[in-house]
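> test case, fold it:
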Amino acid sequence: MTLLATRLRGRRLELKLSQAELADGICEQGQISRIEKGKYNPGSDLLYKLSLKLNVSMNYFFDESISKESSTLNNFKVLSNKLLTEREYESLKYLYELEVEKKKKLTLSDQLYLTWIESIILFHCDDKKEEAIKKLEASVIKMTKKDRDYFKYFNSLMNFYSLTKNKEISEEMYLTVITRLSDSKITYIEDLELLIKVRYNYCRYLWMENKIDNAISEILETIDICKKYNHNYLLPDLYCLLGNISEGFSEKSEIKKYFSISQFLYTLAGNEKMSLTLENYIKNNIDTPLKSE
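Predicted coordinates for the structure are as follows:
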């Protein structure tokens, strides 16, 4: 009980979360307070949800031999993950260049992480798509499927393939990764977000391949996963994609519903750029009545 209380409080403070912020969407603030005082032993379901939000395994609360992964890039990773989610690639490039200039002595894991970020910048900012693919392919080859970040980097590589119409990409590759991730126990919030990310990219791939029915089905299943774990990661993107796919055959009211939900979620997440983009799109393309001849 003492180790649980100490580690919960320590990890919460490390992530700069208040008790109310940690409890939000999971439990009452008072429960967090009682756990940290050693006066309440949470059930496995509550502890599981807390471990996801704190990005640690459940064993972290009970096993003194377990400590978090040591990395000199922790702050950079937090910021870069936020920028990746919002697709702010130019800001990511600026942040990456600052980090590289420090020339720290990095572990192999951190080196691979920076190479992954570099490949994303090359692909999306510098229009050096072939170089980005080769660089990421070289990194993935150095890893095994047991490595924690293997599927994260492999997902980006699959996305690069699909966006360049590379013949190596296939529906089978996506399904293999999705099946592997779905069959694995979700212990960290990163595992959940990776599953959602891969499925989102797969949905976009199906859309580009004009497999509309399959794309809609996959999007709805992925939205259900977000709801199941009470996690909004990529949820606004999923509703936005659903709106895009629905245009052309669904009623305007249905399309507007998807875009409006997406806009609300972007606003909630603090992504003002996408929120305003959708607001203008709804106003100019959906709410505007057709002119009579």
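
> where does pLDDT dip in this structure?
Applying pLDDT under 70 to the chain flags residues 1, 64-72, 102-105, 167, 288-293.

> what's the longest helix in it?
helix 189-208 (DSSP state H).

> for it, buried residues please.
189-207 (16 or more other C-beta atoms under 10 Å). All C-beta atoms are positioned from the backbone trio N, CA, C, and that covers glycine.

> now swap in stretch 273-286 and tell me
Met274, Ser275, Leu278, Ile282.

> the third one contacts Gln263, correct?
What it means is Leu278. Yes: between Leu278 and Gln263 there is a contact under C-beta atoms under 8 Å: 4.1 Å.

> show me where the stretch 51-200 of the chain has strands.
Using DSSP state E, counting those that start in this stretch, the stretch 51-200 of the chain contains no strands.

> helices along that one, start to end?
74-85, 89-101, 108-124, 129-141, 150-163, 171-183, 189-208 (DSSP state H, counting those that start in this stretch).

> out of those, which is closest to Gly25?
Closest to Gly25 of those, according to C-beta to C-beta: helix 189-208, at 12.7 Å.

> quick check: what element follows that closest one along the chain?
Per DSSP states H and E, the first helix or strand lying C-terminal to helix 189-208 is helix 212-228.

> and for that following helix, what are the contacting residues?
By C-beta atoms under 8 Å, 6 or more residues apart in numbering, the surrounding residues in contact with helix 212-228 are 192, 195-196, 199-200, 202-203, 206-207, 232-235, 238-239, 241-242, 245-246, 249.

> tilt between the longest helix of the chain and helix 150-163?
20 degrees (axes from the mean of the first three to the mean of the last three C-alpha atoms, to 10 degrees).

> show me what helix 189-208 packs onto, helices and strands only.
helix 44-54, helix 150-163, helix 171-183, helix 212-228, helix 235-246 (3 or more C-beta pairs under 8 Å, 6 or more residues apart in numbering; DSSP states H and E).

> one more time with 10 Å, if that's ok
If contacts are counted by 3 or more C-beta pairs under 10 Å, 6 or more residues apart in numbering; DSSP states H and E, helix 189-208 sits against helix 44-54, helix 74-85, helix 150-163, helix 171-183, helix 212-228, helix 235-246.

> centre of the chain to it, how far?
8 Å (C-alpha atoms, centre = their mean, to the nearest Å).

> hang on, the earlier thing: closest to Leu83 among the buried residues of stretch 273-286?
Among those, and counting by C-beta to C-beta, the member closest to Leu83 is Met274, at 13.3 Å.

> let me see the contact set for the closest one.
By C-beta atoms under 10 Å, 6 or more residues apart in numbering, Met274 lies in contact with Glu86, Arg87, Pro236, Asp237, Cys240, Ser262, Gln263, Leu265, Tyr266, Thr267.

> out of the residues you listed, which are buried?
Buried by 16+ other C-beta under 10 Å: Glu86, Pro236, Asp237, Cys240, Ser262, Gln263, Leu265, Tyr266, Thr267, out of the contacts of Met274.

> helix, strand, or coil at the fifth one?
Taken by DSSP: H, G, I helix; E, B strand; the rest coil, the conformation at Ser262 corresponds to helix.

> assess the claim that it and Leu241 are in contact.
Yes: using C-beta atoms under 10 Å, Ser262 is in contact with Leu241, at 8.6 Å.
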